[in-house]
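Asks: got a structure for you, letters missing:
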């Protein structure tokens, strides 16, 4: 919070009381500590009620600066679908509240505006075309089965490491046609790209840069192999042969790698963990799912909504814009808090703080974004989660979460570091 009064000793009830009573101008939801403590929701509820378009002065987090906090579903949708007035361009700051450093700007197609965005996105879209997804389904199911068969029975293990990370890393390695024995490098680079210095992943921005350049060098070797071969059905070959991507400079190459690695890793991995955690807290919904497996696709959509694995996306105003009765000035930062919009009581029927496996219109959540930047891999993510839940129900009589998970300290990636689980066949 902007007053710097966060304490790890506060209970959730304390946060509810604090969020309701503190002055609005002291609320800053870009506080990774609140996400790590899973205590962010009362502050979003207060903002949705009293200041859905909220100006935040740069006080607590000077590396972020001042910005507009947009927390209601309809206002988020208005920004997300208006790329004419709200830019994603990396050179204006990009898609996260923290600007790129001037000497380390990473252009990537999600951080571009048309027409360049459209041309680069089109290059990689075949990887998630319906015919390719159909081919991948059998591979994913086989791998989920092998992972589940290898889990310890009747003793605790870390679900994040053994299931969520391993499955998504295997999938990424397949999409890139990446050397299998080095696949955990993809996990590392994803974590490095999104971590804050001092949080246990990296110690400094210099370390981030060094490791990301190592990522670029590794992939550049793969690029050289693929560019001199016939076009293949993997992301590196697509980039190497794509008219809009084959002449990228080093930073744009690295930017698009980071986008594809993080987009294919963090989102699915944290929804796999989050869904299991949430349903462990809602045994009635878990039992309903066991009794009605045909509800799995709807359950998957509501799991993604409930988790919202990327908490926000940022835009920069290209001109003065009126939103929610406020005037956003040209050049202002705007944070679309998907994690808040996905719990907006005015748009999410029933109790938005709970998973409802048969929720009407479950796919109308904001977690994948809308407009031209809607997640290119959303169908692949849904398919992976669907298969995971189909195989959980087919293989295990129970999956028991042993303790509260350890969460990531981040207001961007809403994720998990570990979660101890025990399964029974």
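Replies: Nice, thanks for sending it over. Keep in mind that this is a model prediction, so the values were computed, not measured. Numbers count the residues shown, from 1 in each chain.
Asks: the helices in the stretch 1-150 of the chain, which residues?
Replies: Counting by DSSP state H, counting those that start in this stretch, the stretch 1-150 of the chain has helices at residues 12-21, 32-36, 41-50, 73-80, 116-124, 130-149.
Asks: can you give me the offset of stretch 42-54 from its chain's centre?
Replies: When C-alpha coordinates are averaged (Cα atoms, centre = their mean, to the nearest Å), stretch 42-54 and its chain have centres 22 Å apart.
Asks: Equivalent analysis for stretch 83-103, please.
Replies: Offset of stretch 83-103 from its chain centre (Cα atoms, centre = their mean): 18 Å.
Asks: Pull out the buried residues from it.
Replies: 83, 85-90, 92-100 (16 or more other Cβ atoms under 10 Å). Every residue, glycine included, has its C-beta placed from N, CA and C.
Asks: Equivalent analysis for stretch 105-115, please.
Replies: Result for stretch 105-115 [16+ other Cβ under 10 Å]: buried residues 105-113.
Asks: Look at it and report the distance between its end residues.
Replies: 19 Å (Cα to Cα, to the nearest Å).
Asks: contacting residues around it?
Replies: Stretch 105-115 has contacts (Cβ atoms under 8 Å, 6 or more residues apart in numbering) with 83, 87-91, 94-95, 100, 116-117, 120-121, 251-252, 254-256, 258-259, 263, 372-373.
Asks: for stretch 383-394, same thing?
Replies: Identification of contacts with stretch 383-394 by Cβ under 8 Å, 6+ apart yields 133, 136-137, 140-141, 144-145, 148, 163, 167-168, 171, 268, 271-272, 275-276, 289-290, 293, 296-297, 299-300, 303-304, 399.
Asks: residue nearest the centroid of this structure?
Replies: Centroid-nearest residue in the chain: residue 310, 3.0 Å away (criterion: Cα atoms, centre = their mean).
Asks: For it, name its beta-bridge partners.
Replies: Beta bridges link residue 310 to residue 413, judged by DSSP bridges.
Asks: Just confirm it contacts residue 267, I think it does.
Replies: Yes: between residue 310 and residue 267 there is a contact under Cβ atoms under 8 Å: 6.4 Å.
Asks: where do the contact lists of these two overlap?
Replies: The contact sets of residue 310 and residue 267 overlap at residue 367 (Cβ under 8 Å, 6+ apart).
Asks: can you tell me how far the residue nearest to the centre of the chain sits from residue 81?
Replies: Residue 310 sits 17 Å away from residue 81, taking Cβ to Cβ, to the nearest Å as the criterion.
Asks: Over to residue 87?
Replies: 14 Å.
Asks: can you check residue 102 too?
Replies: Going from residue 102 to residue 81 by Cβ to Cβ gives 30 Å.
Asks: quick one on the thing from earlier: adding distance to residue 20 and pLDDT as columns, could you present the buried residues of stretch 105-115 in TSV?
Replies: TSV is the format used below for the buried residues of stretch 105-115 (distance: Cβ to Cβ, whole Å; pLDDT from 0 to 100):
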residue	distance to residue 20	pLDDT
105	40	93
106	39	93
107	42	94
108	39	95
109	41	94
110	36	95
111	36	94
112	40	95
113	39	95
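Asks: Out of those residues, which is nearest to residue 198?
Replies: residue 106 (21.1 Å; Cβ to Cβ).
Asks: so which strand or helix has the nearest residue to the closest one once chain neighbours are set aside?
Replies: For residue 106, ignoring the flanking residues on the chain, the nearest one in space by Cβ to Cβ, 6 or more residues apart in numbering is residue 255 at 3.5 Å. Using DSSP states H and E, residue 255 maps to helix 250-281.
Asks: how near is residue 112 to residue 235?
Replies: Computed as Cβ to Cβ, the residue 112 to residue 235 distance reads 17 Å.
Asks: That should have said residue 221, apologies.
Replies: Taking Cβ to Cβ as the measure, residue 221 falls 15 Å from residue 235.
Asks: Figure out which of the helices of the stretch 1-150 of the chain is closest to residue 199.
Replies: Across these, closest to residue 199 is helix 32-36 (Cβ to Cβ), at 7.9 Å.
Asks: Let me see the ranges of the helices in the stretch 151-300 of the chain.
Replies: Counting by DSSP H, counting those that start in this stretch, residue ranges of the helices within the stretch 151-300 of the chain are 159, 166-176, 184-194, 205-227, 235-241, 250-281, 283-291, 296-307.
Asks: want to try TSV for those helices, with distance to residue 340, mean neighbour count and mean pLDDT as columns?
Replies: Below are these laid out as TSV (distance: least, Cβ to Cβ, whole Å; neighbours: other Cβ atoms under 10 Å; pLDDT from 0 to 100):
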stretch	distance to residue 340	mean neighbour count	mean pLDDT
helix 159	26	25	98
helix 166-176	25	22	95
helix 184-194	20	21	94
helix 205-227	28	16	96
helix 235-241	32	22	96
helix 250-281	16	23	94
helix 283-291	22	14	96
helix 296-307	12	24	98
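Asks: Can you redo those as JSON lines, where the extra columns are distance to residue 350?
Replies: JSON lines is the format used below for the helices of the stretch 151-300 of the chain (distance: least, Cβ to Cβ, whole Å):
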{"stretch": "helix 159", "distance to residue 350": "27"}
{"stretch": "helix 166-176", "distance to residue 350": "29"}
{"stretch": "helix 184-194", "distance to residue 350": "31"}
{"stretch": "helix 205-227", "distance to residue 350": "41"}
{"stretch": "helix 235-241", "distance to residue 350": "38"}
{"stretch": "helix 250-281", "distance to residue 350": "14"}
{"stretch": "helix 283-291", "distance to residue 350": "11"}
{"stretch": "helix 296-307", "distance to residue 350": "10"}
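Asks: Identify whichever of these lies nearest to residue 403.
Replies: Of all those, the one in closest proximity to residue 403, counting by Cβ to Cβ, is helix 250-281 (10.6 Å).
Asks: Now do that closest one against helix 283-291: the angle between them, please.
Replies: 100 degrees (axes from the mean of the first three to the mean of the last three Cα atoms, to 10 degrees).
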